[in-house]
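Undergrad: With the input below, show me the fold.
(2 chains)
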Amino acid sequence: MRMVATRPTTMSFSPYADNGGTTVAIAGDDFVMVASDTRLPRGFNIYTRDQSKVFGLTTKTMLASTGCWADVLTLNKVLQARLTMYSHEHHDVMSTTAIAQLLSTMLYWKRFFPYYVSNILAGLDEEGKGVVYHYDPVGHMEKLTFSAAGASVAQIQPLLDNQIEAKNIKDGKPPKMTKELAHQLIHDSFVSAAERDINTGDGVIIYTITKDGTTEETVKLRRD
Amino acid sequence: MFRNQYDNDVTVWSPQGRLHQVEYAMEAVKQGSATVGVKSTSHAVLVALKRASSELAAHQKKIMPIDEHIAVSISGLTADARVLSRFMRTECLNEHFSHNQTLSLNKLMERVGTKMQVATQRYDKRPYGVGLLLAGYDEDGPHVYQTCPSANYYDCKAMAIGARSQSARTYLERHLDEFSAATREELIRHALRALRDTLPNDVELTNKNCSIAVVGKGENLNIYDDDDVNPYLEGLDQEERRGGAGTSRDAPAAAEGEGDGEEGSSAPPPPPSDDQPSGDAMETD
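TA: This is a model prediction of the structure:
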């Protein structure tokens, strides 16, 4: 076997890890549904099959975060501390819109060493309407009525565009958003994503936020 | 009270070994309106008398939440109290962030004490002109702590500070044995009765001038103001006042039951001193 000369290679340390995970949120007139899968992978390995990526912030707002799990946890901890500080100063709980803006600025503060996290903030606004905010890792924020993020975003987002906004359908008419429709879309999106993407699977946890509180539901997904 | 030569600087000792500036700071605490803290084996309670600087102003908040398991009631310079409260809040937040646990009260008091002590040993600072009563519940149970401008802090079974608080302390001393086994409601009632004793006879506790904080086993901090105070005040103004220092000659058995006839306002109430701070005095509440 002859030794072949190769170019010098370098090994380096990356501060980021990709821990997969997929999240979806859909808003209605008086509710918002936010869901995530429960698989926490790294590469071809699974750390756990039972890790939800949705964090409750207030009775009206939840945050779904995926990406580097270390950054997800830290971002959430810092956000919790900021929420407490706000309520101490203002004698009131932060509104969904206030949290949305805060998250955007918090992310941009680390513009030059970002939180490697894809965020979706979901909640009820001051009028009780469902609202979804989608973020990139450095805080670009968009207010939407539905969004997907994470490992399977490329599979799920076009499905939602088509089914919720009737995009790319000739003479398509968007349906009225109901809890049943949102639930069905979320369920089908995750089942489909789990078929095609190794990073998504094991289970889905779906939260529904209304003015009366939050309900929780889990659905099993394929575990391969 | 004139100790002119050695009282200009907190860094100057008097020949008697006293720091007069610190003692003057403790006077500021006595100017603030009264507040009482008591604890049982399961709960810790704070009640405070809110003062309004004029008819036009709202009653000054006396009880501040620090964390889910700690509240602090202030007496003295409100601004100083806010600085200390903000410090305590950040200490508690940092404990949650770094160690995922609630900050126990003994650790918090140590940090507050250390912070306050610095102001008693620097020529470019002044002592904090506020006394604090902390009520909290941690892994060692309920606690009531008192702090002074001297930076000393005391772990108490019950305590009262502020204007005319001696009457409240007398009530607390007399009923000390009843606190351990008291229920949550009985404990709050005791604290309110003690607070009431600091008031002149013609003034009553109302939902405007009274604040209550409760924390305990299985109960995160609750602070009650305005209408939320009503259930706890119910019937209180019908009860006979046990009286303050003046009635110490009465039989100790008088400690049982509500309004059990044993009384007689044998001693006159302490003369009501001026409740309002003078116009340009520091904001003490």
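Undergrad: Show me the helices in the stretch 1-150 of chain B, by range?
TA: Secondary structure of the stretch 1-150 of chain B (DSSP state H, counting those that start in this stretch): helices at B:20-31, B:78-99, B:105-118.
Undergrad: Could you export those as JSON lines, including mean neighbour count, mean pLDDT and distance to B:T147?
TA: Backbone N, C-alpha and C define where each C-beta goes, glycine included. What follows is the helices of the stretch 1-150 of chain B, written out as JSON lines (neighbours: other Cβ atoms under 10 Å in any protein chain shown; pLDDT from 0 to 100; distance: least, Cβ to Cβ, whole Å):
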{"stretch": "helix B:20-31", "mean neighbour count": "19", "mean pLDDT": "95", "distance to B:T147": "10"}
{"stretch": "helix B:78-99", "mean neighbour count": "17", "mean pLDDT": "96", "distance to B:T147": "8"}
{"stretch": "helix B:105-118", "mean neighbour count": "17", "mean pLDDT": "97", "distance to B:T147": "6"}
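Undergrad: just checking, what's the longest strand in chain B?
TA: Assignment by DSSP state E gives strand B:130-138 as the longest strand of chain B.
Undergrad: That one - what's its average pLDDT?
TA: Strand B:130-138 shows a mean pLDDT of 97.
Undergrad: Within the sheet, what are the partner strands of that strand, with directions?
TA: Paired neighbours of strand B:130-138 in the sheet (DSSP bridges): strand B:70-76 (antiparallel), strand B:141-147 (antiparallel).
Undergrad: Convert the C-alpha atoms of that strand to CSV, please.
TA: The C-alpha trace of strand B:130-138 is given here as CSV (Å, rounded to 0.1, in the frame of the first residue of the first chain):
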residue,chain,number,x,y,z
VAL,B,130,-33.9,51.1,57.0
GLY,B,131,-34.9,48.2,59.2
LEU,B,132,-36.1,45.1,57.5
LEU,B,133,-38.3,42.2,58.6
LEU,B,134,-38.0,39.2,56.4
ALA,B,135,-40.4,36.3,56.4
GLY,B,136,-39.5,33.2,54.5
TYR,B,137,-39.9,29.5,54.1
ASP,B,138,-37.0,27.2,53.1
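Undergrad: Now find how far off-centre that strand is within its chain.
TA: 8 Å (Cα atoms, centre = their mean, to the nearest Å).
Undergrad: Then stretch B:56-76?
TA: For stretch B:56-76, the distance to the chain centre is 10 Å (Cα atoms, centre = their mean).
Undergrad: Buried residues, it. List them.
TA: Residues of stretch B:56-76 classed as buried by neighbour count (16 or more other Cβ atoms under 10 Å in any protein chain shown): B:59-76.
Undergrad: Same question for stretch A:36-44.
TA: A:S36, A:D37, A:T38, A:R39, A:L40, A:P41.
Undergrad: quick one: contacts of that stretch?
TA: With Cβ atoms under 8 Å, 6 or more residues apart in numbering or on different chains as the test, stretch A:36-44 has contacts from A:17-24, A:46-54, A:64, A:66, A:69, A:150, A:190, A:193-194, A:198-205, A:218, A:221.
Undergrad: redo that, cut-off 6 Å
TA: The contact list for stretch A:36-44 (Cβ atoms under 6 Å, 6 or more residues apart in numbering or on different chains) reads A:19-20, A:22-23, A:47-54, A:64, A:199-205.
Undergrad: Then stretch A:163-177?
TA: By Cβ under 6 Å, 6+ apart, stretch A:163-177 touches A:G28, A:F146, A:D161, A:N162, A:L185.
Undergrad: can you give me the offset of the top helix by length along chain A from its chain's centre?
TA: For chain A, the helix with the greatest residue count under DSSP state H is helix A:69-90. How far helix A:69-90 lies from its chain's middle: 17 Å, per Cα atoms, centre = their mean.
Undergrad: Just grab the bridge partners of the residue nearest to B:K39 when sequence neighbours are not counted for me.
TA: Distances taken as Cβ to Cβ, 6 or more residues apart in numbering or on different chains place B:P142 nearest to B:K39, at 4.3 Å, with adjacent residues excluded. With DSSP bridges as the criterion, B:P142 is bridged to B:Y137.
Undergrad: circling back: tell me which two in the contacts of stretch A:163-177 are the farthest apart.
TA: The widest separation within these, taken as Cβ to Cβ, falls between A:G28 and A:N162 and amounts to 18.2 Å.
Undergrad: Just want to know which of the two has more residues nearby.
TA: Comparing A:G28 with A:N162 by other Cβ atoms under 10 Å in any protein chain shown, the one with more neighbours is A:G28, at 19 against 13.
Undergrad: Tell me which stretches of chain B form strands.
TA: Under DSSP E, chain B gives strands at B:35-39, B:43-49, B:63-67, B:70-76, B:130-138, B:141-147, B:153-156, B:158-161, B:210-216, B:219-224.
Undergrad: Pipe those strands into TSV and attach distance to A:T84 per row.
TA: Shown next, in TSV, are the strands of chain B (distance: least, Cβ to Cβ, whole Å):
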stretch	distance to A:T84
strand B:35-39	24
strand B:43-49	20
strand B:63-67	8
strand B:70-76	13
strand B:130-138	16
strand B:141-147	21
strand B:153-156	24
strand B:158-161	28
strand B:210-216	16
strand B:219-224	13
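Undergrad: now for the ones you listed, which one comes closest to B:R184?
TA: Closest among these, using Cβ to Cβ: strand B:43-49, at 5.2 Å.
Undergrad: For that closest one, what is the distance to the chain centroid?
TA: 8 Å.
Undergrad: in its sheet, what does that strand sit against?
TA: Strand B:43-49 has these strand partners (DSSP bridges): strand B:35-39 (antiparallel), strand B:210-216 (antiparallel).
Undergrad: most tightly surrounded among those strands?
TA: strand B:35-39 (a mean of 30; mean count of other Cβ atoms under 10 Å in any protein chain shown).
Undergrad: Now do it: distance to the chain's middle.
TA: 6 Å.
Undergrad: average pLDDT across that strand?
TA: 98.
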